[in-house]
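Student: What follows is a protein structure lacking sequence information:
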């Protein structure tokens, strides 16, 4: 399955926008585990995910060619 | 309400005082309005470990932010009897002392405008995917955190 990852804010400093080919990641909880494992710096951040432009509030199914945004705490204004 | 077009709130660079003045002037034909409430966010020259913030560079997940802002706007209009509300937020670099956020709410009597203005500022700081990167005078940076 192909997932497109995009990052924002300080997360852009250690995760580039990229497409990954993964098997066995079927929901956003599994994706979080995978990405924290690959980029341990994420564990110290209260990041949020957006799946196909919807901010993830609870564990959500991921389908092929999903776009997942990894977003650090918001700091607008 | 839901067929309302999604408005763009983003302005490239600082929000000019002349733009704000013009925005106020445009309301002189809306004579049912009796009260305006305006909030302006200004980039603060914070001192952190002996270094001063020279500017903030803002980025956003624009589509998601605009969709969320649309939702917030609808909820605010349901909550308060407003005549109108305008919101502008900078993207890109805004120097210390310049305006990066402009919220303008108007109503027949003052209270809904004041409450809506305050409410919308609180909500957009927490809910919109926007990030500020504080650039110091020596060109190092740190990522802004909202308290």
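Tutor: Yes, it's here. Computed from a predicted model, the values in this text were never measured in an experiment. Residues are numbered from 1 along each chain as shown, chains lettered A, B, ... in the order given.
Student: and chain B, which residues reach chain A?
Tutor: Counting by C-beta under 8 Å from any C-beta of the partner chain, the positions of chain B adjacent to chain A are B:41, B:58-61, B:63-65, B:67-68, B:89, B:100-101, B:121, B:124-133, B:143-146. Every residue, glycine included, has its C-beta placed from N, CA and C.
Student: Where strands are concerned, which of these count?
Tutor: Residues of those located in strands (DSSP state E): B:41, B:58, B:59, B:60, B:89, B:100, B:101, B:130, B:131, B:132, B:133, B:143.
Student: For the closest residue to residue B:59 other than its chain neighbours, grab the count of nearby residues.
Tutor: Closest residue to residue B:59 apart from its sequence neighbours, by C-beta to C-beta, 6 or more residues apart in numbering or on different chains: residue B:131 at 5.4 Å. When neighbours are defined as other C-beta atoms under 10 Å in any protein chain shown, residue B:131 has 24 of them.
Student: Can you tell me how far residue B:131 is from residue B:52?
Tutor: Residue B:131 is 20 Å from residue B:52, where distance means C-beta to C-beta, to the nearest Å.
Student: In contact with residue B:135, which residues?
Tutor: B:53, B:54, B:55, B:56, B:57, B:93, B:141 (C-beta atoms under 8 Å, 6 or more residues apart in numbering or on different chains).
Student: For the ones in strands among the residues of chain B next to chain A, pick the one with the most neighbours.
Tutor: residue B:130 (30 neighbours).
Student: ok, now which ones touch that residue?
Tutor: Taking C-beta under 8 Å, 6+ apart, we find residue B:130 in contact with A:74, A:75, A:76, A:77, B:58, B:59, B:60, B:65, B:89.
Student: 6 Å instead, please
Tutor: The contact partners of residue B:130, by C-beta atoms under 6 Å, 6 or more residues apart in numbering or on different chains, come to A:74, A:76, B:60, B:65.
Student: got it, and residue A:71?
Tutor: Residues in contact with residue A:71, defined by C-beta under 6 Å, 6+ apart, are A:8, A:48, B:129.
Student: May I see the residues you listed organised as CSV, with pLDDT added?
Tutor: CSV is the format used below for these (pLDDT from 0 to 100):
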residue, pLDDT
A:8, 98
A:48, 97
B:129, 98
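Student: Closest one of those residues to residue B:83?
Tutor: The nearest member of the contacts of residue A:71 to residue B:83, counting by C-beta to C-beta, is residue B:129 at 28.9 Å.
Student: Against residue B:25, how distant is that closest one?
Tutor: Where residue B:25 is concerned, residue B:129 sits at a distance of 32 Å (C-beta to C-beta).
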